[in-house]
Structures are given as C-alpha cells and as structure tokens.
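Asks: generate coordinates for the sequence data below:
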Amino acid sequence: MCYFLAVMLYLWLKPRTLVLATAAILLGYFVLLRWVPVPGYGVPGVDVAFLDPHGNLPAWLDRRILPASHLYLQGFYDPEGLLSSLPALATTLIGVLTGVESLKRKADSWRRLFVAGVSCLAAGLLWSYWFPLNKRLWTSSFVLVNAGIGLIAFGLLRWWLDGRMGHGRALLPFRIFGMNALAAYVFSEIFALSLASVQLPDDGMTFRHWLFHPLPVLFPDRYVAGLVGAILYVGVCFLPVWLLYRRRIFLKV
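Replies: Numbers count the residues shown, from 1 in each chain. Down below sits the predicted model:
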C-alpha cells in the first residue's frame, strides 16, 4: 500500500509538494489519534488514556475490519494495521525525497541530507512530548526521529564515500551489504523464521530462544544483551552476502 501510494504521489506531485503532503499526513494522523473519539472508549486523553493499548483508534479499527486470526498474535491490534499505514506512507515519502536529493549528485548533497536529518530528529524529539514515540502505532514523532537518524547516518556516509576520506577498507562491510541489500533482508527474514519454527523437545523452547538464552546471563543489562544479540545476528546475515559479493552475484528486482 505504501509503495503504491508513494509511487502515485511521486508521479503526480513535485518534490516540494511531496514535503507538504508528508507533513499533512503526519499532522493528520496526530489529529486522528488525539481528538477523534474511539467508539466504546471516548475521547483520548479525556475519557481514556491517550494511546491506550486497547482504546486507540488504529487498534479499534483493526479489530473491526480484520479477522482475529489476522491480528498480531491473534491479539487486539496489528502493528502493521490499516490506519497506521498513513504514517508509514510518510516514512516512504521521506525515503522518496531522500532518493530525489541523492540523484542530484551535487557536492553539498550530503550536507542537505545531514541538515534534514538533524531537523527531523529535533522535531520528532520535541513532538514526542505531546505525541510519544511508539513503534506499534508508528506515531508521527516516531517517523521523524527514525527518519532523522537515518538521514544523518546517510548524509555522513555520503560525505565519507564521496568526500575527503575516499574509499577504504572500513567501508567494505557497508558496500557488501549495500550491493546485496535485498538478499540480506530476505535471508534475515527466512533465517529468523527458521530459528523460531524449530521447537526443542526437552524444555519447549524454540531454537532461537535457546541460542540467545545465555546472553542475559552474560550481560545482566537487558538492553546490552539485546544489542549484543542484534550484532551477532547481523554478523551471521553478513556471511551469505559476503559470499555473493565474492562471486560477484548481485540480486536485484
């Protein structure tokens, strides 16, 4: 849905108008979640807590339209729900605008991306005081914060790649992942599903849980343990794309 709508808007609108459309989507989503009454719950922030897990508009809409078997873990909402596709479309449009700027190939393109990233990050953090960061609901502040981080990183990489520092061995992992991004993504999804589908007979844990079970013991801080687990998983996903890179095989759509 997001890719289709983003393509249509890109074909119909100029880049400046796309910026306005993105801002309108983010503001409109905030208005919907903040002031539109949720049937059976009332007005958010007045009759029910703002962004209440059950009493928010996206969750209510998903329960009314989607069968229970299609909701996340057969629960009361869907993290890729219908209404939250609006801010997800805004995320996609920010990606489109990033691509438009990158294709200009101007000397200061990295600086424009970096400034845009800082602006998005600052706006998202400020907005989060009134519209909290929430990945499940894909809140507008979450869109801006993540877009800001991504744009800052992308701008710095553009400067690193095209600017003074040139190309070095330190960039090789980025190049390997970037030239086979589709293969890396597909492998990461299939590998995760495979690990989660294997049930160990003795204790009922999945193979994935068994693999990562020692991490909380080694790293008592759960955030550090989660970070170490993520880095290890990325390292495993790096191996197949590295082999493809060695054989000069690049998968594209």
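
Asks: which regions of the stretch 51-200 of the chain sit below the pLDDT cut-off?
Replies: 74, 163-168 (pLDDT under 70).

Asks: and the helices in the stretch 151-253 of the chain, which stretches?
Replies: 172-179, 181-197, 207-212, 215-218, 222-246 (DSSP state H, counting those that start in this stretch).

Asks: list the contacts for the residue nearest in space to the middle of the chain?
Replies: With distances taken as CA atoms, centre = their mean, Asn146 lies nearest the centre of the chain, 7.1 Å away. Applying CB atoms under 8 Å, 6 or more residues apart in numbering to Asn146 gives the contacts Thr91, Gly124. Backbone N, C-alpha and C define where each C-beta goes, glycine included.

Asks: measure Tyr10 to Ala21 for me?
Replies: In this view, Tyr10 and Ala21 are 10 Å apart by CB to CB, to the nearest Å.

Asks: then Val198?
Replies: Counting by CB to CB - Val198 and Ala21 are separated by 45 Å.

Asks: more neighbours: which of these two?
Replies: More crowded of Val198 and Ala21, by other CB atoms under 10 Å: Ala21, with 16 against 11.

Asks: between helix 172-179 and the host helix or strand of the residue nearest to the centre of the chain, find me the angle.
Replies: Remark: Asn146 resides in helix 140-162, with elements defined by DSSP states H and E. Relative orientation of helix 140-162 versus helix 172-179 (axes from the mean of the first three to the mean of the last three CA atoms, to 10 degrees): 120 degrees.

Asks: next, the contact list for Val145, please.
Replies: Contacts of Val145 (CB under 8 Å, 6+ apart): Cys120, Leu121, Gly124, Leu125, Ser128, Leu133.

Asks: quickly list the domain ranges of the chain.
Replies: Taking automatic domain parsing as the criterion, the chain consists of the domains 2-166, 170-246.

Asks: tell me which of the ones you listed is the most buried.
Replies: Highest mean neighbour count among those (mean count of other CB atoms under 10 Å): domain 2-166, with a mean of 16.

Asks: measure the nearest residue to Pro173 once chain neighbours are set aside to Pro44 for me?
Replies: Excluding the flanking residues, the one nearest Pro173 by CB to CB, 6 or more residues apart in numbering is Phe238, at 6.8 Å. Distance from Phe238 to Pro44, counting by CB to CB: 43 Å.

Asks: no more questions from me, cheers.
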